[in-house]
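Enquirer: give me a model of this one.
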Amino acid sequence: MKLRQWCSCSIAVGITMFLVGVVFYFLVPFIAPGIKPQYENLALYRDWKEWTSTYMTIHPFIFAPVFATVFLKLRMATSFPAGIKGGFIDGVGVFCVGSLPVFLLAFASFQVSVEILLSWIVQNLCQYLAAGVAIGAVAAERQFA
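Expert: Just a heads-up that it's a prediction; the model follows:
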């Protein structure tokens, strides 16, 4: 795996996940207005005025190199498909292995409403699918795949 390839793919993933997160940040209050008051319960959720909002903003860029590494290693070590199709499959896999189980554990362990849990699941699914498509497109466009 080449450094330039890894950096290009990581940047594509980070930007894509960030933008999908921004869309959800503004869209969820309109689709599910009951969610915002739940987040204001400081007995259950951290205050966004502290470090939480900063972390949530930069998280896509922290996770992006991991996402890119998984995709590129799969491409190098196996017959994993290239391009958008391979990226989409990778996004589904990362979601199923790395995200969905965490949300199910959170639901089992904490008093998180089904409405919030579903919004997290849908957002993560959209972020990982879009990131997968983006990484597949970048890798194919740059002829890395």
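
Enquirer: can you report phi and psi for the most far-flung residue of the chain relative to its centre?
Expert: Most distant residue from the mean C-alpha position of the chain: Ala43, 26.2 Å away (C-alpha atoms, centre = their mean). With angles defined as degrees, to the nearest 10, Ala43 sits at phi -80, psi -20.

Enquirer: from Val122, how far out is it?
Expert: With distances taken as C-beta to C-beta, to the nearest Å, Ala43 is found 25 Å from Val122. Using the backbone N, CA and C atoms, a C-beta is placed for each residue, glycine as well.

Enquirer: one more: Ile15?
Expert: Ile15 sits 20 Å away from Val122, going by C-beta to C-beta.

Enquirer: what's the answer for Phe67, then?
Expert: Counting by C-beta to C-beta, the gap from Phe67 to Val122 is 18 Å.

Enquirer: try Val22
Expert: 15 Å.

Enquirer: swap in Asp90?
Expert: 19 Å.

Enquirer: higher neighbour count, the two?
Expert: More neighbours surround Asp90 than the other of Asp90 and Val122, with 26 against 13 (other C-beta atoms under 10 Å).

Enquirer: quick check: the more buried one touching Phe71?
Expert: Yes - here Asp90 reaches Phe71: they are 4.7 Å apart, a contact under C-beta atoms under 8 Å.

Enquirer: quick check: neighbours shared by the two?
Expert: Common neighbours of Asp90 and Phe71, using C-beta atoms under 8 Å, 6 or more residues apart in numbering, are 132, 135-136.

Enquirer: which ones among those residues are found in strands?
Expert: Using DSSP state E, no member of these sits in strands.

Enquirer: scan those residues and report the most crowded one.
Expert: Ile135 (33 neighbours).
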